[in-house]
Every structure is written in C-alpha cells, then in structure tokens.
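Engineer: Give me a model of this one.
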Amino acid sequence: MTRKNRIRAAIVTATALVTAATVTAGVSMAGGESAPKKPSKKEIAALFDGWNKSLQTGDPKKVADRYAKDAVLLPTVSNKVRSDRAGIVDYFHHFLENKPKGKKVQTIINVLDGNSAIDAGVYEFTLTDPKTGDKRVVKARYTYEYEKRNGVWKIVNHHSSAMPEG
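Structural biologist: Predicted coordinates:
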C-alpha cells in the first residue's frame, strides 16, 4: 500500500469513528424515546368519573369500551371471571338494569409510570330495583389497574368485591 493510500485509509477510518461517536452521543442524549410524562393522581382519579358516566348511558358496550381487549373483570355481583369483551358486556348488561350510580368513599392512587397506574379503595353504588323502584346502597372494595394504550387510558384489571362486614 502506498503512502497516499495509507493516508486515505486512515482518513476514512477516522471519519467513520467520528461519525459513529456523534451518532451514538446523539442517541444517548435523546435517550432513544423519552419516557412518557407521569399522569397526576387527579388525572387517574378522573378515569373513574369517566367510567361512572359511561354507566349512566345504560349502554353496556360503552362501558366495555373503557376496558382493554385483554382486560380482566372480577365483578361485585357475579361469580364469573370476565376476561373478554363479550363477558364484560354481558356483566354490564345485567348490572345496568339496576341503574347504578357510583361514588368513591376512599381512594388510594399509585402512579407507576407514564403508562400505568392503580386506583384502589372503597366505593358505593346506589342501585334501583327495576321492578319496584326501591333503592339500596352497596358498598364495595375496588381495584382498577389502568394502562395507557395507543394514547388512551384503558382498564386492564378491575376487581370489585362487596364489603365483608356489611
């Protein structure tokens, strides 16, 4: 290899190294994709309000739209585990006959990261008997696990159980 070719090869190698270092520094400074901003506890609390409003429509499909496709629902007044949309729609079809109106009594929200949060606590529902119009209040413990999917918050896990001591 001639001296001229060695210099040319050295320049090409040096240029490649500088380019690689610059690209690597740019990627590490950007961190690839930046982590999504964590939602506030108030934003997560509002997800229940939206869910509760969907109950007021009386449409079980609108309620089921708030759940992810692979969500699991362990409902208050059914012994069946609901792990697909059809099961969730079926549960709410029957539950909505009682015109439920929910209200949180106690809530503890843990924001895990920009795309996931847990809301757990106690809520109560005022239910109206469709035949007699009589109202009753059912108090229950709840846990909602939320994930942000394709930019939309969805319920991925919802467990609700009546209070054991009345």
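
Engineer: Is the spatially most central residue of the chain within a helix or a strand, and which one?
Structural biologist: The centroid of the chain falls nearest to Tyr146 when counting by Cα atoms, centre = their mean (2.1 Å). Of the helices and strands defined by DSSP states H and E, Tyr146 is found in strand 135-149.

Engineer: centre of the chain versus the helix or strand just after that strand, how much separation?
Structural biologist: Sequence-wise, the next helix or strand downstream of strand 135-149 (DSSP H and E) is strand 152-162. In terms of Cα atoms, centre = their mean, to the nearest Å, the centre of strand 152-162 is set 8 Å apart from its chain centre.

Engineer: what angle do strand 152-162 and strand 135-149 make?
Structural biologist: Using axes from the mean of the first three to the mean of the last three Cα atoms, to 10 degrees, the inter-axis angle of strand 152-162 relative to strand 135-149 is 140 degrees.

Engineer: Just list the residues touching the residue lying closest to Val81 once chain neighbours are set aside, thanks.
Structural biologist: Distance criterion Cβ to Cβ, 6 or more residues apart in numbering; nearest residue to Val81, sequence neighbours excluded, is Leu74 at 6.0 Å. (C-beta placed from N, C-alpha, C; glycine too.) Listed by Cβ atoms under 8 Å, 6 or more residues apart in numbering, the contact set of Leu74 reads 81-82, 158-161.

Engineer: so where is the chain shaky, pLDDT-wise?
Structural biologist: 1-33, 166 (pLDDT under 70).

Engineer: all strands for it, in order.
Structural biologist: For the chain, strands defined by DSSP state E occupy the ranges 67-74, 101-113, 116-128, 135-149, 152-162.
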